[in-house]
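Undergrad: sequence and predicted structure are below.
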Amino acid sequence: MLNELALKATNIVKYFYEPTKFQVLKSVSLEVPKGEFVSLVGKSGCGKSTLMYILSTMDTDYEGEISINGEKLTGKKQNFLASFRNANIGFVFQFHYLLPEFSALQNVMIPALKLAKFSKKEIEERAYQKLELLGLREQALKPASKLSGGQQQRVAIARALINDPAIIMGDEPTGNLDSVNTQNVFEIFQELTKTFKQTIIAVTHDDEFAQKSDRVIEMKDGHIV
């Protein structure tokens, strides 16, 4: 399984033009096999978040080529990319971005309702399964605002998993959590890759978190070191 690629990026070049022209990514190439848990590290300003933004197809203004699950995404229209993202990429951010007045269950269901691949009843059942996987089934009907920070981040992970994405992309997924919850999220990610062969790419400043992932990709001055 591991020889199949979840993501391939070839010679990614990116410029910023404000206030002056500045090359932020310099011919970055990387391959991530299916089922690998990769951490992207480096000092602030090294280009890792910019790279993540491009890999996630949110930023299309770059040179080079990206494919996910063998599908070339460079040059595709925004509408195509938006639906591709919803079906194939799960996002976990530093802040959970849950709708506070919605229940945990409703928050998890949102991307699947948008994808509309299953009936509402099936989506609800799938959402319960994901919450159970993350030890949150009992909290399913609680408003997100009534959950602890660690629980909210686990709901966000369940939401990222709902469409069975090819890749989960994390942007500082533990940046807002204490050490106990950081360890908790790390163990969840590890379990997802080991048991479910989920591919995970996470940008992190947390060295301990990074060192325990399958592979660390370090960036410096727009290059992979």
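TA: Now that the structure is in, tell me what you want to look at. Here the structure is a predicted model, which means the values were calculated and not measured.

Undergrad: in the protein, which spans are helices?
TA: Assigned helices in the chain, in chain order: 48-55, 78-88, 104-115, 120-133, 149-161, 179-196, 207-212 (criterion: DSSP state H).

Undergrad: as a markdown table, those with mean neighbour count would be great.
TA: In this view, the C-beta of every residue, glycine as well, is placed from N, C-alpha and C. What follows is the helices of the chain, written out as a markdown table (neighbours: other C-beta atoms under 10 Å):
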| stretch | mean neighbour count |
| --- | --- |
| helix 48-55 | 21 |
| helix 78-88 | 14 |
| helix 104-115 | 21 |
| helix 120-133 | 17 |
| helix 149-161 | 24 |
| helix 179-196 | 16 |
| helix 207-212 | 15 |
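
Undergrad: where does pLDDT dip in the chain?
TA: For the chain, the stretches flagged by pLDDT under 70 are 1-3.

Undergrad: my guess is S29 meets L7, correct?
TA: No - using C-beta atoms under 8 Å, S29 is not in contact with L7; the gap is 11.3 Å.

Undergrad: between the helices of the chain, which one is nearest to P19?
TA: Minimum separation from P19 across the helices of the chain (C-beta to C-beta) falls at helix 48-55, 16.6 Å.

Undergrad: same for the closest one, what does it pack against?
TA: strand 5-16, strand 22-33, strand 37-41, strand 167-171, strand 199-203 (3 or more C-beta pairs under 8 Å, 6 or more residues apart in numbering; DSSP states H and E).

Undergrad: now the first one, how far from the chain's geometric center?
TA: Read that as strand 5-16. Centroid separation for strand 5-16 versus its chain: 16 Å, with C-alpha atoms, centre = their mean, to the nearest Å.

Undergrad: with only the CA atoms kept, save it in CSV.
TA: Taking C-alpha atoms only, strand 5-16 is exported to CSV below (Å, rounded to 0.1, in the frame of the first residue of the first chain):
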residue,chain,number,x,y,z
LEU,A,5,1.3,8.0,-3.7
ALA,A,6,-1.3,10.1,-1.9
LEU,A,7,0.4,13.3,-3.0
LYS,A,8,3.1,14.4,-5.4
ALA,A,9,4.4,17.9,-5.8
THR,A,10,7.0,18.7,-8.5
ASN,A,11,9.2,21.8,-8.7
ILE,A,12,6.8,24.1,-6.8
VAL,A,13,7.8,27.8,-7.2
LYS,A,14,5.9,30.6,-5.5
TYR,A,15,6.5,34.4,-5.4
PHE,A,16,4.9,37.0,-3.2
